[in-house]
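S.K.: Output the structure for:
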Amino acid sequence: MSESIPLLSGRKVAQAFVRLGWTVARQKGSHIILVKSGHPATLSVPDAREVARGTLRSLIQKAGVSLEEFIQAAD
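M.R.: A predicted model of the protein is given here:
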C-alpha cells in the first residue's frame with residue numbers, strides 16, 4: 001500500500017463517502033449512518049474529531065472502495 005490511512009474527522013470521512021455515492025441516512029447519537037442503494041453494508045462513522053485509522057480502514061473495506069479512491073474523495 002503506497003499511501004497511509006489519513007487521520008480525518010468523522011464529518012470529513014462521511015463527506016468523502018457521500019462523494020463516493022453514499023447517502024447520510026441519519027445521525028444516531030455520536031455516529032453518522034450512511035447507506036448506498038444496492039449495497040448490503042451500512043456504514044457507521046463515529047462523529048469524532050479524529051476517526052481511528054483501524055476504524056477508517058474497516059469502513060473503507062465495508063464500502064468496497066480502494067484506499068486510493070477514498071483518499072481522492074476526501075481531498
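S.K.: Next one: residue 39 from residue 26, what distance?
M.R.: 17 Å (CB to CB, to the nearest Å). Where you see a C-beta, it was placed from the backbone N, CA and C, and this is true even at glycine.
S.K.: What about residue 35, how many residues nearby?
M.R.: 13 (other CB atoms under 10 Å).
S.K.: Tell me if residue 69 really is in a helix.
M.R.: Yes: in this structure, residue 69 lies within a helix as judged by DSSP: H, G, I helix; E, B strand; the rest coil.
S.K.: The helix or strand residue 57 falls within packs against which elements?
M.R.: Here residue 57 sits within helix 53-63, counting by DSSP states H and E. Helix 53-63 makes packing contacts with helix 10-19, strand 43-46, helix 67-74 when contacts are defined by 3 or more CB pairs under 8 Å, 6 or more residues apart in numbering; DSSP states H and E.
S.K.: if you count what's nearby, which of residue 39 and residue 26 comes out ahead?
M.R.: residue 39 (14 against 9).
S.K.: Spit out the contact partners of the more buried one.
M.R.: Applying CB atoms under 8 Å, 6 or more residues apart in numbering, we find residue 39 in contact with 63-64.
S.K.: and it, how far is that from residue 28?
M.R.: 19 Å.
S.K.: same question, residue 9
M.R.: In terms of CB to CB, residue 9 sits 17 Å off from residue 28.
S.K.: Looking at the two, which one has more neighbours?
M.R.: Neighbour comparison, residue 9 and residue 28: the larger count goes to residue 9, with 15 against 10 (by other CB under 10 Å).
S.K.: Figure out the helix or strand that the closest residue to that one other than its chain neighbours lives in.
M.R.: Distances taken as CB to CB, 6 or more residues apart in numbering place residue 49 nearest to residue 9, at 5.6 Å, with adjacent residues excluded. Using DSSP H and E, residue 49 falls within no helix or strand.
S.K.: need the helices and strands packed on helix 53-63 in CSV with mean pLDDT, distance to residue 58 and mean neighbour count, can you?
M.R.: Listed next are the helices and strands packed on helix 53-63 as CSV, based on pLDDT from 0 to 100; distance: least, CB to CB, whole Å; neighbours: other CB atoms under 10 Å:
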stretch, mean pLDDT, distance to residue 58, mean neighbour count
helix 10-19, 98, 12, 19
strand 43-46, 98, 10, 20
helix 67-74, 96, 12, 16
